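Participant: the sequence isn't on hand, but the structure is:
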Ligand SMILES: O=P(O)(O)OC[C@H]1O[C@](O)(CO)[C@@H](O)[C@@H]1O
């Protein structure tokens, strides 16, 4: 169960402000439940949790175990919701260095030619046994037309065609059921295909094959991830207070002039999870001239860059701390006879304890400095808690956006840069 501490944010609101906003959050949740809000045709991320597709989980698991045996490198080619979720879960649940299974690399998430060139060079280098690297590629694009992804896919696919006789068996496509350029390629080459349900938008798609295949390739238990999201769904349908409080406080703070929600964590392996939240909230709430900017920071690193601003800058931001309660490291601080560094007062304590005190100290300091602070707690870092976290934030985002009066599920603004870019590139 996701736990939360709202006390250091709630105290910035009067009872009236909070209660009005809470009532709005309740109404917004009803819009979602009754599928009567704007964009209700995009609620597939909820529906799939009421009717889990075990056959797909099975298929993904079995393909993943084959690829884990055969591949040195698995390239995930996608942008936005087509890669942020899988990257977040993989980073959260993998070791910092090395680890079993294929190396997972990302492409198609920008337009750097240098990156692609160096990626290809790296793929051409022999593996640890001195053999040519075995490479698999998962291209993920719901539309099949996103330039960053499509261009990178073309380059990597061409390289793979030269390199591997069995290239068609090494490319897996995750896309819409029909239409789009990817489906034409799938038809021609017979690439293996996974379908992104029509009623699930990119930023809500991490629990579909979009996220689940790369996550399974990383050796993470996708059933635990998925089914814990299911139980979070069930719990919040029954008792939504926890998620309603978050949406209500965030919305009431927005009404009072808060313009930024800074997502922070003291766990460097949750950096990408904060990145996933940025897209989830950013594309959902930032429209029609409203919304808070979703920012992210990894502490204590960024306390030494952004900490000053958060503590003493303009009082128009809130902070959401993502805390992991139990540590999974085994490092404790040794006693040192000389104690030249003066650190013996910490001896015998674990790094996790020191990190936790750093979090608590920062929370108190920022709160006293006038920053409303919410703490979202995961007991430990595992697939179950990440699964709960994902659904909790998906639902919170939808409720909060309806409180703001915007459609949580479209992103019309993203098209503008594309239009200007295509004009300059001479696209007909
Ligand atoms: O999966 P696609 O269609 O390539 O889109 C990738 C991303 O691009 C966006 O559509 C924005 O252009 C995001 O909403 C989406 O997650």
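Facilitator: Thanks, I have it. Just so we're clear, the structure is a prediction, and the values are computed from it rather than from any experiment.

Participant: elements contacting the lowest-mean-pLDDT helix or strand in the chain?
Facilitator: Lowest by mean pLDDT, DSSP states H and E among the helices and strands of the chain is helix 180-189, with a mean of 93. In this structure, helix 180-189 makes packing contacts with strand 171-175, judged by 3 or more Cβ pairs under 8 Å, 6 or more residues apart in numbering; DSSP states H and E. For every residue, glycine as well, the C-beta is placed using N, CA and C.

Participant: tilt between the strand it packs on and helix 180-189?
Facilitator: Orientation of strand 171-175 against helix 180-189 (axes from the mean of the first three to the mean of the last three Cα atoms, to 10 degrees) gives an angle of 140 degrees.

Participant: can you give me how far strand 171-175 is from the chain middle?
Facilitator: Strand 171-175 sits 20 Å away from the centroid of its parent chain (Cα atoms, centre = their mean, to the nearest Å).

Participant: so in that sheet, which strands flank it, and in what orientation?
Facilitator: strand 135-140 (parallel), strand 192-195 (parallel) (DSSP bridges).

Participant: okay, those, which one's buried deepest?
Facilitator: Among those, strand 135-140 has the highest mean neighbour count (mean count of other Cβ atoms under 10 Å), at a mean of 27.

Participant: now that strand: mean pLDDT?
Facilitator: On average, the pLDDT along strand 135-140 is 98.

Participant: what does stretch 333-353 give?
Facilitator: So the average pLDDT for stretch 333-353 ends up being 96.

Participant: what residues sit buried inside that stretch?
Facilitator: Within stretch 333-353, the residues scored as buried using 16 or more other Cβ atoms under 10 Å are 333, 346, 352.

Participant: if we can go back for a sec, mind checking the strands paired with strand 171-175 for the one nearest to the ligand?
Facilitator: Using Cβ to the nearest ligand atom as the measure, strand 135-140 is the one of these that comes nearest the ligand, at 6.4 Å.

Participant: give the buried residues for the helix or strand just after the closest one.
Facilitator: Toward the C-terminal end, the helix or strand that comes next after strand 135-140 (DSSP states H and E) is helix 147-163. Residues of helix 147-163 classed as buried: 148, 149, 150, 151, 152, 153, 155, 156, 157, 159, 160 (neighbour count, 16+ other Cβ under 10 Å).

Participant: break the protein down into its structural domains.
Facilitator: Annotated domains of the chain cover 3-37+225-332+349-404, 48-220 [automatic domain parsing].

Participant: now do the first one: distance from first to last residue.
Facilitator: Using Cα to Cα, to the nearest Å, the span of domain 3-37+225-332+349-404 from its first residue to its last is 24 Å.

Participant: now do the same for residue 230: helix, strand or coil?
Facilitator: The assignment at residue 230 comes out as helix when based on DSSP: H, G, I helix; E, B strand; the rest coil.

Participant: surely it meets residue 52?
Facilitator: Yes - at 6.2 Å, residue 230 and residue 52 qualify as touching, with contact defined as Cβ atoms under 8 Å.

Participant: the two: which is more packed in?
Facilitator: Between residue 230 and residue 52, residue 230 has the larger neighbour count (other Cβ atoms under 10 Å), namely 18 against 15.

Participant: who's in contact with the more buried one?
Facilitator: Residue 230 makes contacts with 49, 52, as judged by Cβ atoms under 8 Å, 6 or more residues apart in numbering.

Participant: follow-up on the earlier one: so which of the buried residues of stretch 333-353 sit within strands?
Facilitator: Counting by DSSP state E, none of the members of the buried residues of stretch 333-353 fall within strands.

Participant: looking at the residues you listed, which is nearest the ligand?
Facilitator: residue 352 (34.4 Å).

Participant: residue contacts, that closest one?
Facilitator: 326, 327, 329.

Participant: ok, and the most crowded of the residues you listed?
Facilitator: Ranked by neighbour count under the definition other Cβ under 10 Å, those are headed by residue 327 with 17 neighbours.

Participant: what about the closest residue to residue 221 other than its chain neighbours, how many neighbours?
Facilitator: What sits nearest to residue 221 in space, not counting adjacent residues and going by Cβ to Cβ, 6 or more residues apart in numbering, is residue 383, at 4.9 Å. Residue neighbour count, defined by other Cβ under 10 Å, stands at 20 for residue 383.

Participant: okay, residue 383: pLDDT?
Facilitator: In this model, residue 383 carries a pLDDT of 97.
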